[in-house]
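Q: sequence first, predicted model second:
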Amino acid sequence: MSEDRIDWTRIYPLSDQPVRHVFTPEDSVAAIASQRGVPVAEASRISSSRWTDGGSSHGRS
């Protein structure tokens, strides 16, 4: 029976430190893709020009 169970500790190892996730443009693209029902690659292609300089628009035409 034990071989039928998934050892989640190997997939999601837990540390003693608080989990800290820094949200990146990729997270936003994945969220938009799931909301619109499009592949992440498509949403990424559409949004890539927005994120090339860290999300700010200054210095870009």
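A: Nice, thanks for sending it over.

Q: where do the strands sit along this protein?
A: Here the chain has no strands by DSSP state E.

Q: low pLDDT regions in this structure?
A: Counting by pLDDT under 70, the chain contains low-confidence ranges at 1-3, 9, 12-16, 19, 46-61.

Q: can you map out the helices along it?
A: 8-11, 25-36, 40-51 (DSSP state H).

Q: now the first one - C-alpha only, PDB.
A: Which is helix 8-11. C-alpha atoms of helix 8-11 as PDB (Å, rounded to 0.1, in the frame of the first residue of the first chain):
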ATOM      1  CA  TRP A   8       4.600  14.700  -1.000                       C
ATOM      2  CA  THR A   9       7.600  15.700   1.100                       C
ATOM      3  CA  ARG A  10       9.800  14.900  -1.800                       C
ATOM      4  CA  ILE A  11       7.700  16.900  -4.200                       C
END
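
Q: in that helix, which residues are buried?
A: Using 16 or more other CB atoms under 10 Å as the test for burial, helix 8-11 gives no buried residues. No exception for glycine: its C-beta is placed from N, CA and C like everyone else's.

Q: helices or strands next to it in the packing?
A: With contacts taken as 3 or more CB pairs under 8 Å, 6 or more residues apart in numbering; DSSP states H and E, helix 8-11 sits against no other helix or strand.

Q: take the helices of the chain and write them to a markdown table, including distance to P18.
A: A markdown table is the format used below for the helices of the chain (distance: least, CB to CB, whole Å):
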| stretch | distance to P18 |
| --- | --- |
| helix 8-11 | 18 |
| helix 25-36 | 19 |
| helix 40-51 | 27 |
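
Q: to Q17, which of the ones you listed lies closest?
A: The closest of those to Q17 is helix 8-11. By CB to CB, the value is 15.9 Å.

Q: how about residues contacting the closest one?
A: Around helix 8-11, nothing counts as a contact under CB atoms under 8 Å, 6 or more residues apart in numbering.

Q: just to check, A43 is in contact with V29?
A: Yes: applying CB atoms under 8 Å as the test, A43 and V29 come out as touching, 4.9 Å apart.
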